[in-house]
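J.: Provide a 3D model corresponding to the input given below.
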Amino acid sequence: MTLARKTGILYLLVAVLSPFTMLYVPSLLFIPNDMIATANSIATYEMLFRASIALGIGVFIVEIVLTAYVYQLFKSVSNKLSLAAAFARLSMTTIQGFNIIFRLLTLAAVETGDNSLF
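T.: Okay, here's the model as predicted:
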């Protein structure tokens, strides 16, 4: 399997899985301007929230591999531009990683019933 084909498959994987964890679950569970209601919603649908976190971790790992593939694929065209694109993509992936950490902390707070964080 060629590098371009592997990259395309990973892009497709990200395009299919990311909307669930980044759009669908937050639209169901997060209530704007009401942190207590959001915490109650997360507690009620805890398995959905956990699935979103697990999928987010999977997408995070795929994004890192995808960054390496895209760099390898385009470095022959322009090494500097490919490196800049890889840096930008890794910056985005870092933000995704922090988002996962914040969701894990939210889950821990909801599980312990510590509403002082909200």
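J.: So, low pLDDT: which residues of the protein?
T.: Low-confidence segments of the chain (pLDDT under 70): 114-118.
J.: Identify the residue nearest G97 in space, chain neighbours excluded?
T.: Closest residue to G97 apart from its sequence neighbours, by Cβ to Cβ, 6 or more residues apart in numbering: F60 at 5.8 Å. Every C-beta, even on glycine, is put in place using the N, C-alpha and C of the backbone.
J.: Other residues contacting whichever helix or strand A15 is part of?
T.: Element membership for A15, per DSSP states H and E: helix 3-19. The contact list for helix 3-19, computed with Cβ atoms under 8 Å, 6 or more residues apart in numbering, reads L55, G58, V59, V62, E63, V65, L66, Y69, V70, Q72, L73.
J.: ok, then the element right after that helix?
T.: As assigned by DSSP H and E, the chain's next helix or strand after helix 3-19 is helix 25-29.
J.: counting contacts, what elements does that following helix pack onto?
T.: Secondary-structure packing of helix 25-29 (3 or more Cβ pairs under 8 Å, 6 or more residues apart in numbering; DSSP states H and E): helix 35-44, helix 46-74.
J.: how far is that helix from where the chain is centred?
T.: Helix 25-29 sits 14 Å away from the centroid of its parent chain (Cα atoms, centre = their mean, to the nearest Å).
J.: let's number from 56 now, not from 1
T.: From this message on, residue numbering opens at 56, which makes the last subject helix 80-84.
J.: just the CA coordinates of that helix, formatted as CSV?
T.: C-alpha atoms of helix 80-84 as CSV (Å, rounded to 0.1, in the frame of the first residue of the first chain):
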residue,chain,number,x,y,z
VAL,A,80,-21.9,14.6,21.5
PRO,A,81,-21.3,18.2,22.6
SER,A,82,-24.6,19.2,20.9
LEU,A,83,-26.4,16.6,23.0
LEU,A,84,-24.7,17.0,26.3
